[in-house]
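Chemist: Sequence plus the predicted model coming up.
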Amino acid sequence: MMKTIFKKNSYGFTLIEMLVIIFIISLLSILILANYQGGKKNYALLQANQKLISDFRRAQNMAINGTEIEGHCSTVSICFGYGIYLNSGSSYLLFADNNNNKIYDNGEDFETINLPFPIIIQSTTPSPAHVFFEAPDPITYINQNSGVGVSAEITLKIQGDVLTKIIKVSTAGLIENN
């Protein structure tokens, strides 16, 4: 009589192997999710930085072109230029100078720009900063001063983080980003 020996073939995974695989997948998921949240904040900071630079250039171009804004600058209401008023907080103002003092006064703003959460203006130098572009040249004024070498520095920050972006605007009209 001959005995038949069957070879045991195992297909699939053992319980230990399954637990190890689930642990590895969970760990990778947690790392990806944590990195995604940090990346989202960094993207918001970069986006706010570019929006502020774009708004400086927008005010500059409005002064060059003599853009009319209903209720602020028109044939009825004279406008001497455009600027941006910055102070600490989560927003800044675009304004049209109606009294030729080259700084923001109450009622001269025509648009409020809110920074995306969690971005804030950490500081401005000088504080507050009035960056004004006089029409039609445009001559750039920082807090009513158009002297050579005068500049404003705006620091944007993620709340609760150390990551910042700094924008410098000089009276030469140069807008720098770091």
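Modeler: Here it is on my side, so go on.

Chemist: what residues does stretch 163-178 touch?
Modeler: Residues from elsewhere that reach stretch 163-178 (CB atoms under 8 Å, 6 or more residues apart in numbering): 41-42, 45-46, 48-49, 52-53, 56-57, 60, 122, 131, 133, 138-142, 145-158. (Glycine included, C-beta is placed from N, CA and C.)

Chemist: Strands of the protein, residue ranges please.
Modeler: In the chain, the strands defined using DSSP state E lie at 81-86, 91-96, 109-114, 119-125, 129-134, 139-142, 151-158, 164-170, 175-177.

Chemist: gap between the last one and the chain center?
Modeler: This points to strand 175-177. How far strand 175-177 lies from its chain's middle: 13 Å, per CA atoms, centre = their mean, to the nearest Å.

Chemist: where does the chain have low pLDDT?
Modeler: Along the chain, segments meeting pLDDT under 70 span 1-10.

Chemist: Okay, helices next: where are they in it?
Modeler: Taking DSSP state H as the test, the helices found in the chain are 15-65.

Chemist: which ones are touching the residue positioned nearest the centre of it?
Modeler: By CA atoms, centre = their mean, the chain has its centre lying nearest to residue 48, at 1.2 Å. Remark: with contacts taken as CB under 8 Å, 6+ apart, residue 48 is in contact with 115, 116, 119, 156, 165.

Chemist: do residue 105 as well
Modeler: Counting by CB under 8 Å, 6+ apart, residue 105 touches 98, 99.

Chemist: Tell me how many other residues crowd residue 20.
Modeler: 12 (other CB atoms under 10 Å).

Chemist: measure it to residue 13 for me?
Modeler: 9 Å (CB to CB, to the nearest Å).

Chemist: quick one on the thing from earlier: from the strands of the chain, pick the one with the highest average neighbour count.
Modeler: Scoring the strands of the chain by mean neighbour count under mean count of other CB atoms under 10 Å gives strand 81-86 as the most buried, with a mean of 26.
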